[in-house]
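[1] one predicted model, sequence on top.
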Amino acid sequence: MKSLARLAWLVVVLAGAVGLAWSNPTMDDYVRFVEAELHKALDRMDQQAPSRERQFIQGIVRSQGKNLIEGMVRPATARSNWGLLSRYETQMAGTKVVVLGIGRRFIPISGVEEAKAKIKQLDF
């Protein structure tokens, strides 16, 4: 009975590992994640900015966001694929952002708050 339970446990663990490996996010998934986060940040954009400026910036990013992200984030990002998960390190404007990707989800590890602060300081 013990060996059957161990075998069942091993099958579950292996199935979980295969599932994680299969759902390990790609660089394309990461770029889409960053684009979605940028859109969220724009939606929360500082309401103190003049309405016309805010709408102009939001319009540019919404229409050209994918191209902007693709051209800026992909070349500045190194992906370490560890099979079951991936580590993404993006270096931009003196800030290093580290994000883990596991099971098609992304978990920010470091640098996110610093990056947000630098984005808020940008003067459009």
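    Sure, I can see it. All values derive from a computational prediction rather than experimental measurement.
[2] ok, residue 86 - contacts?
    Residue 86 makes contact with 24, 25, 30, 79, 80, 100, 101, 102 under the criterion Cβ atoms under 8 Å, 6 or more residues apart in numbering. For every residue, glycine as well, the C-beta is placed using N, CA and C.
[3] rerun that using 10 Å as the cut-off
    Contacts for residue 86 (Cβ atoms under 10 Å, 6 or more residues apart in numbering) come out as 24-27, 29-30, 79-80, 99-102, 106.
[4] from residue 109, how far out is residue 96?
    10 Å (Cβ to Cβ, to the nearest Å).
[5] can you list residues touching both of those two?
    residue 89.
[6] how about residue 24, secondary structure?
    In three-state terms, and counting by DSSP: H, G, I helix; E, B strand; the rest coil, residue 24 is coil.
[7] now it: how far from residue 80?
    Counting by Cβ to Cβ, the gap from residue 24 to residue 80 is 11 Å.
[8] same question for residue 66.
    The gap separating residue 66 from residue 80 is 24 Å, by Cβ to Cβ.
[9] between the two, which has more neighbouring residues?
    Regarding residue 66 and residue 80, a neighbour count based on other Cβ atoms under 10 Å identifies residue 66 as having more, with 13 against 10.
[10] residue ranges with poor pLDDT in the protein?
    Screening the chain residue by residue with the criterion pLDDT under 70, one finds the ranges 1, 16-17, 19-20, 23, 43-50, 53-54, 57-58, 61, 64-65, 116-124.
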